[in-house]
Each structure stands twice: as C-alpha cells, then as structure tokens.
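Asks: Okay, structure incoming, though there's no sequence with it:
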C-alpha cells in the first residue's frame with residue numbers, strides 16, 4: 001500500500017532582497033521516508049528546512065505538513081515536528097537531562113524522557129554538562145531533544161558534520177531505528193555515502209532550484225555517461241559539472 005504524503009511543497013520561492021534563495025521548488029515526502037537534501041553551501045538547504053519547520057515563510061507558493069499550512073497553522077505544526085539544527089549552543093551549559101526537560105516544556109505532547117535516554121544510550125551522560133561531551137554524544141543529545149514531543153516528523157540540518165566515522169555510523173543507526181518506529185525524517189547532509197545508503201529518496205538543490213529528485217540508485221544509474229556513487233550525482237547536479245539539469249520524481 002502506498003504511503004500517504006506527509007509533506008507537500010508547492011512552487012515555493014524565497015527572496016532575501018534581490019537574492020532568490022529558493023526558486024520555484026516543489027516536492028513531496030511520504031510518511032515513514034528518510035528524505036535527503038543535498039547541495040553545495042549556499043544552495044538553499046537551510047532556508048528550505050526552515051520553511052518546512054514554519055520558521056520562515058515562502059514569498060511565493062505554499063507548504064503543507066501533515067495537512068497544516070505552515071503559514072497559517074504554525075502553532076499546530078510545531079507539536080508534530082522535532083528539530084535538530086547545527087548549533088547546540090543553547091544547551092551547552094545544561095546537563096543532558098536538564099536540556100531535555102527544558103525543551104519538553106515547550107510542548108503539549110510529551111515523550112517518556114527516560115525511554116529516550118535509554119534508547120540513545122545516554123544514561124551514563126544524563127547528568128553531565130552537554131558542553132563537556134564529545135561531538136558524537138553532543139549530536140546524539142541534540143537528536144534526543146528533537147524527540148521530546150514524540151514528533152511525527154524530524155528535520156535535521158547537517159547533523160553529522162565534523163563527526164568521526166564511528167560517530168556518524170552510530171548517528172545513522174539511530175535514524176534507522178526512528179524510521180522503523182514510523183518517524184518521517186528530512187535531513188540535509190554533505191555525507192554522500194551515508195545518504196546513498198540510508199535515504200529512500202534524495203533531492204538535489206543547486207542555486208535554490210531543485211534540479212533532480214529520486215531514489216539514490218535510480219539517480220546513480222541514470223547519470224549521463226554512467227556513474228557509480230552518489231558523489232558522482234552530487235558533482236553532476238549540485239555542481240553542474242556537465243551542465244545537465246533535470247527533475248525527476
């Protein structure tokens with residue numbers, strides 16, 4: 001049975017002065033997917049994620065998340081979304097449990113924090129100050145915080161940047177567990193190997209445009225001239241090495 005569409009993005013554009021950060025982008029995300037977004041720096045990834053969260057509004061077009069219009073129903077939307085942004089500075093001076101309790105207080109719906117702590121292996125660190133954790137455990141804590149409201153959708157902005165290979169592997173293992181629990185995950189990443197291995201579909205942004213979207217192996221197999229990896233897809237479409245642009249969904 002086909003999964004229902006849980007995120008519908010329809011012809012959105014976003015301007016910052018004369019700069020068009022997002023240009024007529026449309027796509028959809030199905031329930032239970034891991035949907036990856038890749039692109040170079042300044043391609044528009046963070047702006048797009050912020051609009052999905054309801055933190056920024058499109059100047060043109062509309063976004064519906066779980067049937068909520070992000071422009072008109074921001075308060076309803078936030079209850080169903082968990083967010084992991086790049087910075088953890090807001091929680092650096094708290095211990096892990098305090099940070100989770102603080103963010104949980106912002107929501108009506110609440111998860112069992114001890115269950116999250118156990119699932120993420122955070123029990124030995126629960127009373128440690130976040131700033132003193134290694135990069136991998138800091139990111140694991142940030143992901144745990146994204147779950148304090150038992151969200152249906154989790155939005156992640158390059159969460160594994162700067163992590164060592166083992167920490168990246170562990171982080172993606174947690175994401176796969178969340179997918180198995182029925183969570184829908186949207187993640188921007190520069191780790192081509194991991195998005196190839198773990199994402200159900202991937203959208204490629206270039207200068208604010210969604211230039212192609214599809215399953216990883218399909219994108220790889222249909223590369224002009226042949227290609228073997230998602231890195232080749234990135235070079236072809238995100239960097240436009242050969243000048244080929246196409247959209248497929």
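Replies: Arrived safely, thanks for sending. Values in this document were obtained by computation on a predicted structure and should not be read as measured data.
Asks: pLDDT below threshold where in the chain?
Replies: Along the chain, the model assigns pLDDT under 70 to residues 1-2, 85-90, 226-227, 241-249.
Asks: the helices in it, which residues?
Replies: For the chain, the helices defined by DSSP state H occupy 45-53, 74-78, 96-104, 113-119, 135-145, 165-180, 192-198, 216-221, 230-233.
Asks: So which bits of the second one are buried?
Replies: Along helix 74-78, the positions that meet the burial threshold by neighbour count (16 or more other CB atoms under 10 Å) are 77-78. From N, CA and C alone the C-beta is placed, and that goes for glycine too.
Asks: ok, and what's touching that helix?
Replies: 53-54, 65-66, 68, 70, 107 (CB atoms under 8 Å, 6 or more residues apart in numbering).
Asks: Name the nearest residue to the spatially most central residue of the chain, sequence neighbours excluded.
Replies: For the chain, the residue nearest the mean C-alpha position is residue 187 (2.3 Å; CA atoms, centre = their mean). In this structure, residue 187 finds its nearest non-sequential neighbour in residue 156, 4.3 Å apart by CB to CB, 6 or more residues apart in numbering.
Asks: Then residue 203?
Replies: Once flanking residues are discounted, residue 203 sits nearest to residue 213: 4.2 Å by CB to CB, 6+ apart.
Asks: neighbours around that neighbour, how many?
Replies: Residue 213 has 23 neighbours, counted by other CB atoms under 10 Å.
Asks: Verify the stated contact: it with residue 201.
Replies: Yes: using CB atoms under 8 Å, residue 213 is in contact with residue 201, at 6.5 Å.
Asks: what's near enough to touch the nearest residue to residue 134 once chain neighbours are set aside?
Replies: Take residue 134 and drop its neighbours on the chain: the residue closest to it by CB to CB, 6+ apart is residue 167, 7.5 Å away. Listed by CB under 8 Å, 6+ apart, the contact partners of residue 167 are 134-136, 139, 160.
Asks: By neighbours, which of those residues wins?
Replies: Greatest neighbour count in the contacts of residue 167, by other CB under 10 Å, goes to residue 139: 25 neighbours.
Asks: Please report the distance of the closest residue in space to it that isn't next to it in sequence from residue 108.
Replies: Leaving out its chain neighbours, the residue that sits closest to residue 139 by CB to CB, 6+ apart is residue 159, at 5.5 Å. To residue 108, residue 159 is 25 Å away according to CB to CB, to the nearest Å.
Asks: and what of residue 217?
Replies: Counting by CB to CB - residue 217 and residue 108 are separated by 41 Å.
Asks: Look at those two and report which has more neighbours.
Replies: The neighbour count for residue 217 versus residue 108, taken as other CB under 10 Å, is higher for residue 217 (10 against 7).
Asks: could you measure the more buried one against residue 233, distance?
Replies: Plainly put, residue 217 is 10 Å away from residue 233 if you go by CB to CB.
Asks: can you check residue 96 too?
Replies: 37 Å.
Asks: who has more neighbours, the two?
Replies: Remark: of residue 96 and residue 233, residue 96 carries more neighbours, 27 against 24, as counted by other CB under 10 Å.
Asks: Give the full set of residues in contact with the more buried one.
Replies: 117, 122, 125-128, 130, 133, 141, 144.
Asks: Just the buried residues of those.
Replies: Neighbour counting over these (16+ other CB under 10 Å) leaves 117, 122, 125-126, 130, 133, 141, 144 as the buried ones.
Asks: hang on, isn't the residue nearest to residue 187 packed against residue 188?
Replies: Yes: here residue 156 reaches residue 188: they are 7.1 Å apart, a contact under CB under 8 Å.
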